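Chemist: Here is my input, please return the structure:
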Amino acid sequence: MSYLVLARKYRPMTFEDLVGQQHVCQTLGNAIKTGRIHHAFLFTGARGVGKTSAARIFAKALNCEAGLSAQPCNRCQSCLEITAGQGLDVFEIDGASNTGVDDIRDLRDNIRYLPSRSRFKIFIIDEVHMLSINAFNALLKTLEEPPEHAKFIFATTEPHKIPVTILSRCQRFDFRKIALPLIRERLQQIAAAEHIVISERSLTLVARRGEGSMRDALSTFDQVIAFCGEDIHDADVQGLLGMVDRRLLLDTVEGVLGRDGRRVLDAVQRIDDLGHSFRQFCRELVEVFRSLVILGVVDEPAELLDATDEELAALRQLASMAGLEDLQRAVTVLVRTEGELAGSSFPRLALEMALVRLAHLPPGREVAALVRQFEDLERRLANAGPPPGPAARGGVVEDAPREKPAPALSVSEPPESDAQTKPGNQAAGHAGDWQDLVRQVKKERPRIGSLLEHGRVMKLELPCLELGFEENSFHLVQMQDVELQEAFRALAEKFYGRPVAFKVSVLPAAEAESAPLSLAAQRQARREDRTRELHEEALSHPGVKAARSLFEVENVEVRPLEAGSQGETAGE
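Modeler: I've put the predicted structure just below:
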């Protein structure tokens, strides 16, 4: 005798055997008891959740020789034939193979004849969404006015592909995915019937692989039995299915929430040693963090989580280690990492960096708490009042002259001097006029003027003018050009009104530190001094002190307002 797979051997025979679909069973049973039986039914849901089994049970209940009953006897000839898929008046049609309009026309012709020996002619069309539009149109009239002896049961995994004109003529039943505990309980019953020795942990792994489908779980159970025999060990099941040990997943999550970078790296090392897929491991981590988020927002999460009582207890303990915002950030990072692992040349490195980043992220703070702290800070500053005013003299507060605000940091040069407005002035032949000379050159030859700003005035005693540039610098190479030097000499002679002997010298790195500062270096020094003053002034402000105390901030960045951006603020 050929072997009968578990999914067929233990197929539900009655509505009571149909696991996880009580809402469907109760509705169909009541319809039979009250005689309010519709002519067309649509069963929708994921694969392996019992749609076709329910259709067969319903057909047996309608045509059972023991009488019209919600509990078919499963012993009469009609029930046995339907169970074997050989009922004379029950036609099971594969919608994927019979998609054409001619197939539906043959079905319509068959409908006109009375059943051979049963109460009803029942047509079960599986994967009905695969029918063509013309086939649906041919079926439409029959569904609208069917003969009294005809009943239709449609099954599909994609109801959105069925025309609304068909949907409106059917009673629709949505089959749910089967919960993990229910699948595990059914597997335990089958294991006992088959004399299979298997632990609850292995049953949970097999049930979880089914992903809500009883048929998929039974197929996996068949595979496990074929590999392990009648005595099944946890390690064999885990190795066969390629699933990550639940304890390893929980250890990794605990390492992330406990800010233990070494622990998460050890977990990745074990995943690599065991030969598991990094991407699959990342997916299962996402599921664990999803469970923690659900535990954080739902008081009774059993219906939302596929977890045993022991796993729920462990997950609750982990959920208490972190806030909801931290868990949501972890889910976001891991989901993005899972996508990156698909095409990564270094999957282990990508996963390690993601987990290390999560393990070292600072704890998140709820927005509401931050808003409350900001409001509290505003109240404290308002109650503190304005800063102390000028000193009172003799009981009278005198109005002190208001200080001008410090100018915003700028790269602009000092105001133009009279010497610049009259470049030919012979009295302008001293070292203080170097800045004016550079400004005048920048107006006429901007490129030369920009180079001069980086030159160091080594000697300015007319007619001698010597500039030093650091060795190997870009500006030195440019200023050594003969044509450029001649152009600058002409501009300098025009400015001073007398001949100028110009020389470019090279400054070794050792001598550069003791040489005079260039105009560019002077500007940078002024900027740094101004920034330092602003930093000290900002840190001494009462509002900043209060904010640092409130938020426990150590480092504060102070940025000067540039010209044109006085309406903006910056800082941390």
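
Chemist: Could you double-check that Pro516 lies in contact with Met458?
Modeler: Yes - taking contacts as C-beta atoms under 8 Å, Pro516 lies within contact range of Met458: 7.3 Å. C-beta coordinates here come from the backbone N, C-alpha and C atoms, glycine included.

Chemist: For these two, indicate the residue with more neighbours.
Modeler: Legend: neighbour count by other C-beta atoms under 10 Å for Pro516 and Met458, higher for Met458 (17 against 13).

Chemist: I'd assumed the more buried one was in a helix, is it?
Modeler: No - the assignment for Met458, made by DSSP: H, G, I helix; E, B strand; the rest coil, is strand rather than a helix.

Chemist: Distance check, it against Ser518.
Modeler: 11 Å (C-beta to C-beta, to the nearest Å).

Chemist: try Ile57
Modeler: On the measure of C-beta to C-beta, Ile57 and Ser518 end up 94 Å apart.

Chemist: quick one, which of these two is more surrounded?
Modeler: Ile57 (28 against 21).

Chemist: Am I right that the more buried one is in a strand?
Modeler: No - counting by three-state DSSP, Ile57 falls outside a strand, being helix.

Chemist: Just to check, it is in contact with Leu18?
Modeler: Yes - counting by C-beta under 8 Å, Leu18 is a contact partner of Ile57 at 6.9 Å.

Chemist: Give the closest residue to Val5 in space, chain neighbours not counted.
Modeler: Asp222 (5.6 Å; C-beta to C-beta, 6 or more residues apart in numbering).

Chemist: for this protein, what spans make up the strands?
Modeler: Counting by DSSP state E, one finds strands in the chain at the ranges 40-44, 90-94, 121-126, 150-156, 171-174, 392-393, 396-397, 456-461, 464-470, 501-507.

Chemist: Any stretches of the stretch 451-572 of the chain with poor pLDDT?
Modeler: 546, 549-554, 556, 558-572 (pLDDT under 70).

Chemist: Redo the strands of the chain as JSON lines? Include distance to Ala84.
Modeler: Listed next are those as JSON lines, based on distance: least, C-beta to C-beta, whole Å:
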{"stretch": "strand 40-44", "distance to Ala84": "21"}
{"stretch": "strand 90-94", "distance to Ala84": "11"}
{"stretch": "strand 121-126", "distance to Ala84": "14"}
{"stretch": "strand 150-156", "distance to Ala84": "18"}
{"stretch": "strand 171-174", "distance to Ala84": "24"}
{"stretch": "strand 392-393", "distance to Ala84": "108"}
{"stretch": "strand 396-397", "distance to Ala84": "106"}
{"stretch": "strand 456-461", "distance to Ala84": "103"}
{"stretch": "strand 464-470", "distance to Ala84": "97"}
{"stretch": "strand 501-507", "distance to Ala84": "102"}
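
Chemist: Tyr113 is nearest to which of those?
Modeler: Minimum separation from Tyr113 across these (C-beta to C-beta) falls at strand 121-126, 7.9 Å.

Chemist: which helices and strands sit right next to the closest one?
Modeler: Under the contact criterion of 3 or more C-beta pairs under 8 Å, 6 or more residues apart in numbering; DSSP states H and E, strand 121-126 touches helix 51-63, strand 90-94, helix 101-111, strand 150-156.

Chemist: OK, contacts around the most centrally placed residue in the chain?
Modeler: For the chain, Thr332 is the residue whose C-alpha lies nearest the centre (C-alpha atoms, centre = their mean; 3.2 Å). By C-beta atoms under 8 Å, 6 or more residues apart in numbering, the contact list for Thr332 is empty.

Chemist: Ok, the one 5 residues further on next?
Modeler: Listed by C-beta under 8 Å, 6+ apart, the contact partners of Thr337 are Cys282, Ala350, Leu351, Ala354.

Chemist: Tell me the one of those nearest Val506?
Modeler: Taking C-beta to C-beta as the measure, Val506 sits nearest to Ala350 out of the contacts of Thr337, at 50.5 Å.

Chemist: Kindly provide the distance from the closest residue to Phe502 other than its chain neighbours to Ala314.
Modeler: Nearest non-adjacent residue to Phe502, counting by C-beta to C-beta, 6+ apart: Arg489, 4.7 Å away. Going from Arg489 to Ala314 by C-beta to C-beta gives 84 Å.

Chemist: And for Cys64?
Modeler: Where Ala314 is concerned, Cys64 sits at a distance of 48 Å (C-beta to C-beta).

Chemist: Tell me which of the two has more neighbours.
Modeler: With neighbours defined as other C-beta under 10 Å, Cys64 and Ala314 compare such that Cys64 has more, 22 against 17.

Chemist: most neighbours, which of the contacts of Thr337?
Modeler: In the contacts of Thr337, the most neighbours by other C-beta under 10 Å go to Leu351, 26 neighbours.

Chemist: correct me, but that one touches Gln269?
Modeler: No - counting by C-beta under 8 Å, Leu351 sits too far from Gln269 to count as a contact (11.0 Å).

Chemist: that older thread, mind listing what the residue nearest to Val5 touches?
Modeler: Contacts of Asp222 (C-beta under 8 Å, 6+ apart): Val5, Leu6, Ala7.

Chemist: Pull out the buried members of the residues you listed.
Modeler: Buried subset of the contacts of Asp222 (neighbour count, 16 or more other C-beta atoms under 10 Å): Leu6, Ala7.

Chemist: Which ones among the contacts of Asp222 map onto helices?
Modeler: Counting by DSSP state H, the part of these found in helices is Leu6, Ala7.

Chemist: Make a markdown table from the contacts of Asp222 and add pLDDT and distance to Ala302 to it.
Modeler: Below are the contacts of Asp222 laid out as a markdown table (pLDDT from 0 to 100; distance: C-beta to C-beta, whole Å):
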| residue | pLDDT | distance to Ala302 |
| --- | --- | --- |
| Val5 | 89 | 31 |
| Leu6 | 90 | 27 |
| Ala7 | 89 | 27 |
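
Chemist: Turn the contacts of Asp222 into a markdown table, including distance to Gly543.
Modeler: Formatted as a markdown table, the contacts of Asp222 follow (distance: C-beta to C-beta, whole Å):
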| residue | distance to Gly543 |
| --- | --- |
| Val5 | 75 |
| Leu6 | 73 |
| Ala7 | 71 |
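
Chemist: and Cys79, how many neighbours?
Modeler: 23.

Chemist: From Cys64, how far off is it?
Modeler: Applying C-beta to C-beta to Cys79 and Cys64 gives a distance of 6 Å.

Chemist: anything in contact with each of the two?
Modeler: Pro72, Cys73.

Chemist: Test for you: state the pLDDT assigned to Arg105.
Modeler: Looking at Arg105, its pLDDT reads 82.

Chemist: I'd like to know how many residues surround the residue nearest to it when sequence neighbours are not counted.
Modeler: Nearest non-adjacent residue to Arg105, counting by C-beta to C-beta, 6+ apart: Ala138, 6.0 Å away. Residues near Ala138, counting by other C-beta under 10 Å, number 19.

Chemist: Would you agree Ala138 is in contact with Asp106?
Modeler: No - at 10.2 Å, Ala138 does not count as touching Asp106 under the criterion of C-beta under 8 Å.

Chemist: can I assume Phe227 is in contact with Ala235?
Modeler: No - if you go by C-beta under 8 Å, Phe227 and Ala235 don't touch, sitting 11.8 Å apart.

Chemist: which one of the two has more residues nearby?
Modeler: Shown here are Phe227 and Ala235; by other C-beta under 10 Å, Phe227 has more neighbours (13 against 9).

Chemist: what's the distance between Gln280 and Leu241?
Modeler: From Gln280 to Leu241 the distance is 11 Å (C-beta to C-beta).
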